[in-house]
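Enquirer: Just a sequence and a predicted model for now, questions to come.
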Amino acid sequence: MRSVGHECVSSSCRWSSAPSLLISFLHSNKMSEVENTFRKFAIYGDTSATGNDMTGKNFSKMCKECGVMDGKAVTSTDIDIVFNKVKTKGARTITFAEFQQAMKELCSKRFKGKSPEEALQAVYGLIEGKEPGSVGATKATKVGGVERLTDTSKYTGSHKERFDESGKGKGLAGRQDLTDNSGYVGAYKGAGTYDQTH
């Protein structure tokens, strides 16, 4: 007769309670979330990346954005040291298994005073469900002198000729003197009136 929660593993039987089954389920669910985040950060900024391995730059970005690197207990130097420690010799990237090893190394530094298992779960809690942000994306600056310098209505001289009233560039017509083969001098106001008067 088998009871609920009983498993046989390699000829030795062990009893497991329902809460530990629940914990293992939650742990596997959490790991899939962490692996998902790992893959998102692994392909960030690299169109040819498969998502199976992560570069040091992306590892550092992930630790920074997820809050693993706090600048006090865990610094960018710690992140780089751990990355180089877990990666295989001569490699430039780490796999998910090596990433897990790196998190085990970092969790005790980040959450001092917690047990290794609690610290690891806390680190995974920071990481799961996160996506790489484009925080440093280039934006048009509107600071002090820049706005004044890019306002086309204030342009003078030959630069003024390159833009119309709305500030839109005229393109080639604004940069080159186009030849006028009409037979009149440039900017002559009465062009095309000779035939009407004679």
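Expert: Happy to help now that I have it. Everything quoted here is computed from the prediction, not taken from an experiment.

Enquirer: show me where the protein has helices.
Expert: Per DSSP state H, the chain carries helices over the ranges 18-42, 56-66, 76-86, 96-110, 116-127, 144-149, 157-160, 172-175, 194-197.

Enquirer: quick one: which of those is nearest Y188?
Expert: Closest to Y188 of these is helix 194-197 (C-beta to C-beta; 10.7 Å). Where C-beta positions appear, they are placed from N, C-alpha and C, glycine not excepted.

Enquirer: mind saving the C-alpha coords of that closest one as CSV?
Expert: In CSV, the C-alpha atoms belonging to helix 194-197 read as follows (Å, rounded to 0.1, in the frame of the first residue of the first chain):
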residue,chain,number,x,y,z
TYR,A,194,9.5,91.1,-71.9
ASP,A,195,7.1,89.3,-74.4
GLN,A,196,4.1,91.0,-72.8
THR,A,197,5.4,94.5,-73.3
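
Enquirer: Any idea how far it is from the middle of the chain?
Expert: Its chain's C-alpha centre and that of helix 194-197 lie 69 Å apart, by C-alpha atoms, centre = their mean, to the nearest Å.

Enquirer: what does stretch 68-78 give?
Expert: 19 Å.

Enquirer: Let's have the helices of the chain in CSV, adding mean neighbour count, mean pLDDT and distance to Y184.
Expert: Output for the helices of the chain, formatted as CSV (neighbours: other C-beta atoms under 10 Å; pLDDT from 0 to 100; distance: least, C-beta to C-beta, whole Å):
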stretch, mean neighbour count, mean pLDDT, distance to Y184
helix 18-42, 15, 64, 66
helix 56-66, 20, 88, 63
helix 76-86, 16, 91, 69
helix 96-110, 18, 88, 75
helix 116-127, 17, 85, 74
helix 144-149, 9, 70, 37
helix 157-160, 10, 75, 22
helix 172-175, 12, 65, 19
helix 194-197, 7, 71, 9
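
Enquirer: right, and these - which one's nearest V185?
Expert: Of all the helices of the chain, helix 194-197 sits nearest to V185, with 13.0 Å by C-beta to C-beta.

Enquirer: can you redo the helices of the chain as a markdown table with distance to Y188?
Expert: Shown next, in a markdown table, are the helices of the chain (distance: least, C-beta to C-beta, whole Å):
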| stretch | distance to Y188 |
| --- | --- |
| helix 18-42 | 66 |
| helix 56-66 | 63 |
| helix 76-86 | 68 |
| helix 96-110 | 75 |
| helix 116-127 | 73 |
| helix 144-149 | 35 |
| helix 157-160 | 21 |
| helix 172-175 | 19 |
| helix 194-197 | 11 |
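
Enquirer: For G133, which of these is the nearest?
Expert: helix 56-66 (6.0 Å).

Enquirer: The closest one vs helix 96-110, what angle?
Expert: Helix 56-66 and helix 96-110 are oriented at 50 degrees to each other (axes from the mean of the first three to the mean of the last three C-alpha atoms, to 10 degrees).
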